[in-house]
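> sequence first, then the predicted structure:
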Amino acid sequence: MMEPPSMDTVYQAIAALFDNPNASEKEKASLWLADVQKSIHSWKIADQLLQQKKDIHSCYFAAQTMRAKVQHNLSELPSEALVSLRDSLVAHLEQTSPETSSSILTQLCLALADLALQMQTWQNCVSDLIKSFSNKNDFALLEILTVLPQEIDSSSLKLGENRREDIKAELRSNAHIVTIFLKESITSSQNSHVALKVIKCMTSWLQVKSINIQEVPQNAVIGFCLQVLRDHNCINTLHDAASDCICALLHCLEENNNNDNIERLLFDSISALEESYHMAVAHEEDEKATNYARVFTELAETFLEKIIACTAGGNTHFAMRSLELALVCVGHHDYEVAEITFNLWYRLSEEVYQRDYQPLTDAFTPHIERLIEALARHCQCEPDHTHLPDETDEFYVFRMKVMGLIKDVVFIVGSSSVFRQMFAALQADISWEQTEAALFIMQSVAKNILPEEYEYVPKVVEAILSMPAGAHVGVRETCILLLGELCDWVERHSECLEPCLQFLIRALHDKRLANAAATALLNICKSCRAQASCHVSTLLQAGQLCDELDLPLQTSAAIMRALASAIGQLPPDQMSAAMCSAVGAQLAGLRAALDALGAASGGARAAGSGGGATRGSRLDPATWLDRTAALFRDVDAPTPSDPDQHPALQAFHDAWPLFEEVMEKLGGDGRVTERVCRALRFSVRCVRSGAAGLAPRLAAALQRLYCTHRPSAVLYVAGVLLDELAPRPHAVPHLVALLQALMPQAFQLLQQEHGLRDNPDTVDDLFRLCIRSTLHNYLHLLTKVLTTSPARVPV
């Protein structure tokens, strides 16, 4: 924008932006005004709009423009113009009043604050601002003193660390006078809006550690915040602000806690709010209950180190009661209130774990027992639900957080103790949701149960295996998952393995339970590989159910991985036969899918797409490729002395022709290409250097695929081939040819406009391939490729 627009044009554009009902005209006005803001003329335009005060929309646009220009484009102005800019902003702010739009006032105050922070020649800016506005416009001063500390650590401002520290030091030197100003503001006005502003201002100063902790007992604003929190009838916005302020104060105290008297005074004042919390709960004021939970949790975290140190020394710190207050909040009926305290328990468990002192651990056992008992209640589903929450449900997310927390803190009470506590709850006549919640807590700690446990686990396993089919589906699903988590215990009690496998395979027939059953099968088979190898025939039958029952891909892949875990422990000849059988079933499905796709396209689907089949269906090639990948991924067979005799090698030789056909026919389908590369990667990782016999075909197929479609997964697979085949001399020429073909093309792709931005996967996979090249002594080749490639590496 070379010439400045007329003010009439600017006003017309602002009117169009805010008042014109035509969306197209609004868009045009928005784009034009954005260009105005970017131009050098916007400084003068914004100043004139603020002087003329024609309407609220033009004033807001001007204030927002001024703030944006000061924040991002201050270098456009000569240094001698900054003083006049400062004076202009001060003048505009002096003319504001309590009736001025809060958004306009905030934008102008931010502009002045950002200018003060960046204008290094403005020494003593804080005291100057206080002098400029005191007794003239206290309302504007209150806003300035609120936003100035907030902007100090703003990432949008290019401030050096020295400048930031200078401003913070100046804030500290003016803290006393600001405290007096805030006291006068809050005592001279009964307006809750003013009180809110005062509290927010104090919070800003506390957050940058500019208030002297030693003066807290005399701080009227802190006293007012505590008074607000004692009154459960106050308005929510004031309650929120007071809570924020007290939390900020406690955070300061945690970093500067060398005054026992002040600590005790604050602790007593805040812990006395317990009655107000109960009143808020009684009156169903959940938002206020949330605030009390925040304050009590911050109180406990503030004193946590001292509580731990004192307890470790055999004494009881007065702040130990803060843990009781946090537990009171965990008992709130809303799980979101309980969740606020989670970080406290994580910190407590970390401190106790690091000290590894049994008397200290024992001291917190009662707290953790109460915590887990309360969490079990929160994990109860609604009685009328017919199934457990799914992954998209907020309650599912909360339960996963509970599981993570329990896993972290359970060492304090012992997993067996939790198991015993929940088992006792199951003995009573309780509802399905209470039963399921107890089982869920048991599931959280099951992995930590000692394999030697004989008292409760056998009873639980027996109860699960004999569970009636009519039990609530939520209880059945959690029982199945619990059984899977007891996999290490099952490994030590092999007599349980076959009944467990049969139970889980039967559960596959219920689609509501199939995924849980497959997950449990995988856990048990991975933990009991040797014992599970005796049941490969049973697991092969489970694999057949994937097709018969049309199980989802995720479920089928888990079953395949369970099968592979068992196959990997068979003797070599049996393993070879089992792998060929398991992989062959998937290849038959893949063959049928490819034939169906070819028939659907009249045989003309060369290098085309597999999008004609429904994702996850039997006609989707990705379904069979993922199952095949799962088999090779988890077979985990020992590497033989002769790599060409690997037990899984025949299965790989069987699979390769179909992999190659998928690359040729469906290379244009990114999803299918990703899956076939993944299957190839796990196959090569499985047979290791035994794949060297296929090196010529592997290299040639990958070259053709990358030359035609540029999928980054090919680069990843090339790195895998380097890892596994580099020790085989007869494979090296083919690896060299592959690198010489792939790397120049990858570099050319990245050299295109926005190549790095638009191809992040290629960047990652190429970088990995370069690393693998240097690790396997192909540095000379990499150097040759880089120096002879017509495309230079973009920087």
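Cool, the structure landed.
> flag the shaky bits of this structure, pLDDT-wise.
The model of the chain has pLDDT under 70 over residues 1-2, 257, 601-613, 778-795.
> got the domain ranges for it?
Structural domains assigned to the chain are 1-165, 174-363, 570-788, following automatic domain parsing.
> can you put these in CSV and add distance to I559 and mean neighbour count?
(Each C-beta comes from the backbone N, C-alpha and C, glycine too.) What follows is the domains of the chain, written out as CSV (distance: least, CB to CB, whole Å; neighbours: other CB atoms under 10 Å):
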stretch, distance to I559, mean neighbour count
domain 1-165, 49, 17
domain 174-363, 34, 18
domain 570-788, 8, 19
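> remind me what the helix or strand harbouring M422 packs against, helices and strands.
M422 is part of helix 415-426 when elements are defined by DSSP states H and E. The contact analysis (3 or more CB pairs under 8 Å, 6 or more residues apart in numbering; DSSP states H and E) places helix 415-426 against helix 365-378, helix 432-445, helix 457-465.
> could you dump those into TSV and include mean neighbour count and distance to C707?
As requested, the helices and strands packed on helix 415-426 are arranged in TSV below (neighbours: other CB atoms under 10 Å; distance: least, CB to CB, whole Å):
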stretch	mean neighbour count	distance to C707
helix 365-378	20	56
helix 432-445	23	50
helix 457-465	17	55
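> out of those, which gets nearest to D764?
For the helices and strands packed on helix 415-426, proximity to D764 was assessed by CB to CB; helix 432-445 is nearest, at 34.9 Å.
> give me the contacts around that closest one.
372, 375-377, 379-383, 385, 388, 399, 402-403, 406-407, 410, 415, 418-419, 422-423, 425-426, 430, 460, 471-472, 474-475, 478-479, 481-482, 485 (CB atoms under 8 Å, 6 or more residues apart in numbering).
> could you check the angle that helix makes with helix 415-426?
Orientation check (axes from the mean of the first three to the mean of the last three CA atoms, to 10 degrees): helix 432-445 against helix 415-426 gives 170 degrees.
> in which helix or strand does the spatially closest residue to H333 that is not a sequence neighbour reside?
Among residues not flanking H333 along the chain, V281 sits closest, at 8.0 Å (CB to CB, 6 or more residues apart in numbering). Assessed by DSSP H and E, V281 sits inside helix 274-282.
> related to what we said a few turns ago, which one of the helices and strands packed on helix 415-426 lies closest to R685?
Judging the helices and strands packed on helix 415-426 by CB to CB, what sits closest to R685 is helix 432-445, at 31.6 Å.
> what does the one helix or strand L253 maps to contact?
In the assignment (DSSP H and E), L253 maps to helix 236-255. Here helix 236-255 makes contact (CB under 8 Å, 6+ apart) with 192, 195-196, 199-200, 202-203, 206-207, 209, 211, 213, 216, 221-222, 224-226, 228-229, 262-263, 266, 270, 287-288, 291-292, 294-295, 298-299, 301-302.
> circling back: what's the helix or strand that comes right after the helix holding V281 packed up against?
Next helix or strand after helix 274-282 toward the C-terminus (DSSP H and E): helix 286-312. Using 3+ CB pairs under 8 Å, 6+ apart, the elements in contact with helix 286-312 are helix 220-230, helix 236-255, helix 260-271, helix 274-282, helix 321-330, helix 335-339, helix 342-355, helix 358-363.
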